[in-house]
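>>> got a predicted model here, sequence first, then my questions.
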Amino acid sequence: MNAKLTSAVEVYKRLVSHPDPVVAWFSYNGIQNQMSINSVWNQSDLDRLEKVKFTKSYLVSESSPGKFEVNHRNISSSDSNIMYNEEAPSGEFNAIIRKFTPKKGGEEKQFIEIWNHCKKIKQYDVLSKEKHGKICTKDGQFGCLHWSKDETKLLYVSERKTPKMASYFDTKKADKPEEEQPIRGHEHDFKQDWGEQLVGKHKLALNILDLNSGDINTLDTIPEDLSVGQAIWTPDGGIIFVGWKHEPYRLGLVYCPIRPSAVYLWDSKTSNIKQLSDENRASSSPNLSPDGSKLIYLDNQVGGPHRQCARLMMYDMKSGTNTVLVDVVKNPKADEFPGIYRQSLPQRCWAADGKRVVFNSVWRHQAGILVVDTETKKITPILCKSGGCLKITDIHQDRMLVVRSNINQQPYFSISQLPESGKESSAEFLPLDDPEPPLDISFKILKFQPTSRPHPTFGVNEYEAILAIPKDVEQKKWPLIVFPHGGPHSVHTTDFLLLPAVFMLSGFAMVYVNYRGSCGYGDDNIRSLPGRVGDQDVKDCQEVAESVIKLDQIDENKVAVFGGSHGGFLTAHLIGQYPGFYKAACCRNPATNIAVKIATTDIPDWCYVEAGFEFTYSSLPTGEKLTEMWKMSPMQYVDKVETPILIMLGLEDARVPPKQGEEYYKQLRARNKKARLIGYSDNSHPIQTVEASADSCINILDWFWQHLD
C-alpha cells in the first residue's frame with residue numbers, strides 16, 4: 001500500500017473513531033435546577049466490523065435561565081437486543097422491549113419488561129399470546145412504544161396476526177376441531193412489504209398491553225386496508241395514529257412522504273375510528289399539545305416529487321376543524337422562509353407555553369430549527385451562526401437538546417434555552433461534551449442564476465453549491481471532486497459527512513451541488529425538475545464545475561465526479577455528455593436506465609414523475625413513455641464515455657436495484673471502457689455497514705489517484 005493510501009486509512013480511522021450522536025432526551029429528575037439527560041450514540045468498530053451502540057447520561061445544573069453547567073457524565077454499553085426503552089411520564093418506570101433467540105435454536109421471542117429504579121418487576125412474553133405478529137422495530141416510520149397517562153397500559157405496533165398456513169400434502173397439521181384450522185394451499189402466496197429499508201413490514205397493527213392483567217388488545221376496528229404506525233395516546237385514553245393505504249399495492253415508503261395516508265382517532269369508549277386529517281392527502285407525524293387541545297401534523301399532496309414542500313396542519317380537538325399553520329412556499333425571494341422540508345416531527349416538539357412548536361427543516365444549504373407560533377402563525381428560524389447545521393432531538397420545559405455540526409466539525413450534542421416568543425433566533429448553545437477540534441477545511445457558498453437556461457414555466461430559479469477546500473497553504477492547486485446529491489429532491493447541507501471529510505483531508509477540494517430540484521429553495525424549484533432530469537440537473541452541475549475550475553485554488557486538469565443514487569445517475573450523465581472533462585468518476589447505486597428500472601424498483605412512480613408523466617396505480621409503461629424515459633437515461637451515452645468509472649452497489653438495494661449499475665458496467669466493458677464494479681452484500685440503498693463504508697472510502701480515493709495523478 002502506497003504512502004497516500006496509508007495516510008488515507010489513518011485519516012479514516014481517526015474520523016470514524018468519533019462516535020455519532022443519535023438522539024438525546026430529557027429524563028425525569030425531580031430536583032430543582034438540575035436536569036438528567038440520556039443520549040444514544042453509535043461508534044464504528046473497525047476491528048469487529050460492527051457499529052457499537054452505547055448510552056451516555058448527563059447531569060446538568062441551571063444556575064439561572066439559560067446558564068447551564070454539565071456536572072457529571074456516565075457511559076454504559078447498550079444491549080443490541082433492546083428494541084425500545086421508554087420512560088414512564090412519572091419517571092418511576094421504564095418499559096423495555098427485548099428480543100431473544102434461544103441458544104438451542106428456535107424462533108425469536110420478544111418480551112416487554114417493566115423496570116423500576118432497582119430491578120425488573122414485570123415481564124410479558126407477548127408473542128406466546130398469539131394475538132399479533134412480531135413487534136415492529138424502531139424504524140422511523142411505523143414503530144412506536146408509549147405509556148398511557150395513568151401508566152397502566154402500553155401502546156405499540158406489530159405485524160398483524162396471520163392465519164396458520166399448511167400444504168395440501170402436510171399430514172402433520174391434520175385438521176382438529178379444537179384447534180385453529182390452517183388455510184391450505186396458500187403458504188407460498190406473495191406478501192408485499194413496504195420496500196427499501198422496510199423489508200419484511202407487511203400489515204401493521206396497533207396493540208394495547210394492560211400491565212395489570214397482562215392482556216393484549218389488538219385494535220380490530222382499524223380497516224384492513226391500512227398499515228398503521230406513529231401512534232400516540234390522547235388524555236382520555238383514545239389513540240391517534242397514522243394509517244397508510246396499502247391497496248391496491250404498496251409503494252416504497254422510506255424518503256417518500258407522499259403516499260396516501262391519514263391521521264385517525266380511535267375512540268376508547270366506542271372503538272370507532274374517525275379520520276382527522278383532510279381527504280386524499282398524505283398526512284403523518286401527529287403530535288398533541290401538552291393540554292391535548294391541539295394536534296399538529298405534516299401534510300403533503302399525494303404523488304408527485306417524493307420530497308416536496310410540506311404543510312404544517314393543526315386540528316382543534318374540541319371544534320374538529322383543520323387549519324393550515326404553514327402553507328407550501330412556492331418561490332421564496334432571496335433568504336426568505338423557503339417552506340418546510342421534513343418527514344417527521346420530534347416526539348416532543350411543544351414549547352412550555354403550549355403555543356409554539358419547534359422542529360427541524362432545511363433552509364437552503366443549512367439544516368436548522370423552525371419555531372412556529374400556532375396562534376399568530378409566525379415562523380422564526382434558529383440557524384447556526386457559523387453556517388453549520390442544527391437538529392433538535394428533544395424539547396422539555398423550553399430546554400432544547402440539539403445536534404450541532406459543520407462541514408469541518410464532527411457532530412456533538414448541545415443544550416439551549418428556548419428564548420421568549422419573537423427572540424428565538426438568539427438562542428445560545430452549550431456543548432454537553434468538548435467538541436472535536438475543527439478540521440482544516442474551509443468552505444463558502446456559491447450562488448448561480450441560470451439566466452440563459454430559464455425554466456419554461458418557473459423562469460430563473462437560483463441554485464447553490466458549497467465549495468469546500470483543505471487549508472494546507474503549501475498546496476497551490478487542488479484536484480476537484482464534483483459531488484451532486486441523490487434524490488433528486490434532496491439537498492446538500494453544511495452538515496458533517498464522513499467520506500467527503502476523508503477526501504478533503506486526503507488532498508481534494510469538493511463542490512457539493514444543489515442543482516435546481518433540490519429541497520430548501522421553494523416548491524417551484526423542486527417542481528422545475530420532473531420531465532427535465534438528465535438535462536436541467538446535468539447542465540446545472542456542469543455549470544458549477546466549469547465555474548469552480550476557473551478559481552486559482554483548483555487544478556482544472558484534475559476533476560473527478562462522485563455521487564450516489566440520483567447523484568450516480570448524474571455522474572453517469574456527466575461523463576457521457578461531457579467526455580474528457582472528468583478524469584475519474586465513481587457512482588454508488590446509480591440509476592442508469594429509467595425505462596428498465598420501472599419494473600424492478602420499489603418506487604415505479606419515481607420513473608413516471610421524473611420523466612414528466614402522471615402516475616396512477618394502474619399506469620402502464622407504453623412504448624412512448626419508455627422511449628422518453630430512455631432519452632433521459634445516462635445509458636444512452638455509454639458509447640461516448642471516456643472517463644474511468646468505479647461503480648459501487650449495495651446488493652440488497654430495493655430502491656435502485658443492483659442490475660442498474662451492473663448493466664451499465666457490462667455495456668462499458670463491452671466497449672472496452674475502463675470500469676470496475678464492487679458489490680457489497682448486506683447493504684441496501686445506503687452503503688453504510690462498517691466494512692462497506694470503510695472499504696468504499698479508500699477504494700474511491702485509490703481510483704481517483706490512479707486516474708488523476
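Yep, it's here.
>>> now the strands for the stretch 451-600 of the chain?
463-470, 478-484, 509-514, 554-564, 584-588 (DSSP state E, counting those that start in this stretch).
>>> right, and those - which one's nearest Arg307?
Among these, the nearest to Arg307 by C-beta to C-beta is strand 509-514 (13.2 Å). No exception for glycine: its C-beta is placed from N, CA and C like everyone else's.
>>> tell me the mean pLDDT for that closest one?
Here strand 509-514 scores 98 as its mean pLDDT.
>>> tell me the bridge partners for Ser64.
In this entry, Ser64 is beta-bridged to Lys67, by DSSP bridges.
>>> how close does it sit to Lys423?
Distance of Ser64 to Lys423, computed by C-beta to C-beta, to the nearest Å: 17 Å.
>>> again with Leu701
According to C-beta to C-beta, Leu701 stands 46 Å off from Lys423.
>>> neighbour count winner among the two?
Leu701 (24 against 10; other C-beta atoms under 10 Å).
>>> quick check: that one is in a helix.
Yes - Leu701: assigned to a helix according to DSSP: H, G, I helix; E, B strand; the rest coil.
>>> nearest spatial neighbour of it, skipping sequence neighbours?
Leaving aside its chain neighbours, Leu701 sits nearest to Ala8 (5.0 Å; criterion: C-beta to C-beta, 6 or more residues apart in numbering).
>>> if we can go back for a sec, now the strands of the stretch 451-600 of the chain as JSON lines including distance to Gly243?
Shown next, in JSON lines, are the strands of the stretch 451-600 of the chain (distance: least, C-beta to C-beta, whole Å):
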{"stretch": "strand 463-470", "distance to Gly243": "37"}
{"stretch": "strand 478-484", "distance to Gly243": "36"}
{"stretch": "strand 509-514", "distance to Gly243": "34"}
{"stretch": "strand 554-564", "distance to Gly243": "32"}
{"stretch": "strand 584-588", "distance to Gly243": "34"}
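>>> and Pro604, which of the ones you listed is closest to it?
Of the strands of the stretch 451-600 of the chain, nearest to Pro604 by C-beta to C-beta is strand 554-564, at 20.2 Å.
>>> apart from its neighbours in sequence, what residue is nearest Trp266?
Ile239 is the one closest to Trp266 (C-beta to C-beta, 6+ apart), at 4.3 Å.
>>> burial of the one you found, as a residue count?
Counted with other C-beta under 10 Å, Ile239 comes out at 22.
>>> how about Tyr156?
For Tyr156, using other C-beta under 10 Å, the count is 25.
>>> now His188
With other C-beta under 10 Å as criterion, His188 counts 8.
>>> isn't Ile700 up against Leu499?
Yes - Ile700 is within contact range of Leu499, at 7.4 Å (criterion: C-beta atoms under 8 Å).
>>> the more surrounded of those two?
Shown here are Ile700 and Leu499; by other C-beta under 10 Å, Ile700 has more neighbours (23 against 20).
>>> what about the residue nearest to the spatial centre of the chain, distance to Gln197?
In the chain, the C-alpha nearest the mean C-alpha coordinate belongs to Tyr255, at 6.3 Å (C-alpha atoms, centre = their mean). Per C-beta to C-beta, Tyr255 is found 9 Å from Gln197.
>>> to Met632, which of the strands of the stretch 451-600 of the chain lies closest?
Taking these one by one with C-beta to C-beta, strand 478-484 is closest: 15.5 Å.
>>> which elements pack onto that closest one?
Applying 3 or more C-beta pairs under 8 Å, 6 or more residues apart in numbering; DSSP states H and E, one finds that strand 478-484 makes contact with helix 498-505, strand 509-514, helix 536-548, strand 554-564, helix 566-577, helix 690-708.
>>> element containing Val9?
Val9 belongs to helix 3-16 when elements are defined using DSSP states H and E.
>>> can you list contacts of that helix?
1, 44, 46, 410, 498, 501-502, 505-507, 693-694, 697-698, 701-702, 705 (C-beta atoms under 8 Å, 6 or more residues apart in numbering).
>>> got a PyMOL select line for the buried ones in these?
Per 16 or more other C-beta atoms under 10 Å, the buried members of the contacts of helix 3-16 correspond to this PyMOL selection:
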select buried, resi 44+410+498+501+502+505+506+507+693+694+697+698+701+702+705
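>>> rewinding a little: burial of the residue nearest to Leu701, as a residue count?
Neighbours of Ala8 under the rule other C-beta under 10 Å: 23.
>>> next one: stretch 15-23 to chain centre, how far?
Computed by C-alpha atoms, centre = their mean, to the nearest Å, the chain-centroid distance of stretch 15-23 equals 17 Å.
>>> what comes up buried for that stretch?
In stretch 15-23, counting by 16+ other C-beta under 10 Å, buried: 15-16, 18-21, 23.
>>> for stretch 212-227, same thing?
So, applying 16+ other C-beta under 10 Å, buried residues of stretch 212-227: 216, 219, 222, 226-227.
>>> now, these that are in strands?
216, 226-227 (DSSP state E).
>>> which one of those residues sits closest to His566?
Ser227 (26.9 Å).
>>> list the contacts for the closest residue to that closest one other than its chain neighbours?
In space, and not counting its chain neighbours, Ser227 is closest to Leu204: 4.4 Å by C-beta to C-beta, 6+ apart. By C-beta under 8 Å, 6+ apart, the contact list for Leu204 reads 136, 142, 157-160, 227-229.
>>> secondary structure, pLDDT and distance to Asn557 added to the residues you listed, as JSON lines?
Output for the contacts of Leu204, formatted as JSON lines (DSSP: H, G, I helix; E, B strand; the rest coil; pLDDT from 0 to 100; distance: C-beta to C-beta, whole Å):
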{"residue": "Cys136", "secondary structure": "coil", "pLDDT": "96", "distance to Asn557": "53"}
{"residue": "Phe142", "secondary structure": "coil", "pLDDT": "96", "distance to Asn557": "51"}
{"residue": "Val157", "secondary structure": "strand", "pLDDT": "98", "distance to Asn557": "56"}
{"residue": "Ser158", "secondary structure": "strand", "pLDDT": "97", "distance to Asn557": "58"}
{"residue": "Glu159", "secondary structure": "strand", "pLDDT": "96", "distance to Asn557": "57"}
{"residue": "Arg160", "secondary structure": "coil", "pLDDT": "94", "distance to Asn557": "60"}
{"residue": "Ser227", "secondary structure": "strand", "pLDDT": "95", "distance to Asn557": "53"}
{"residue": "Val228", "secondary structure": "strand", "pLDDT": "97", "distance to Asn557": "57"}
{"residue": "Gly229", "secondary structure": "strand", "pLDDT": "97", "distance to Asn557": "52"}
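>>> surely Pro500 meets Val511?
No - taking contacts as C-beta under 8 Å, Pro500 lies outside contact range of Val511: 10.4 Å.
>>> neighbour count winner among the two?
Ranked by neighbour count (other C-beta under 10 Å), Pro500 and Val511 place Val511 first, with 26 against 21.
>>> ends of stretch 450-464, what's the gap?
11 Å (C-alpha to C-alpha, to the nearest Å).
>>> which residues does that stretch contact?
331, 364-365, 445-449, 514-516, 518, 521-522, 524-525, 527-528, 532, 536, 539-540, 543.
>>> re the thing from before, where do the contact lists of Tyr255 and Gln197 overlap?
With C-beta under 8 Å, 6+ apart as the test, Tyr255 and Gln197 reach no residue in common.
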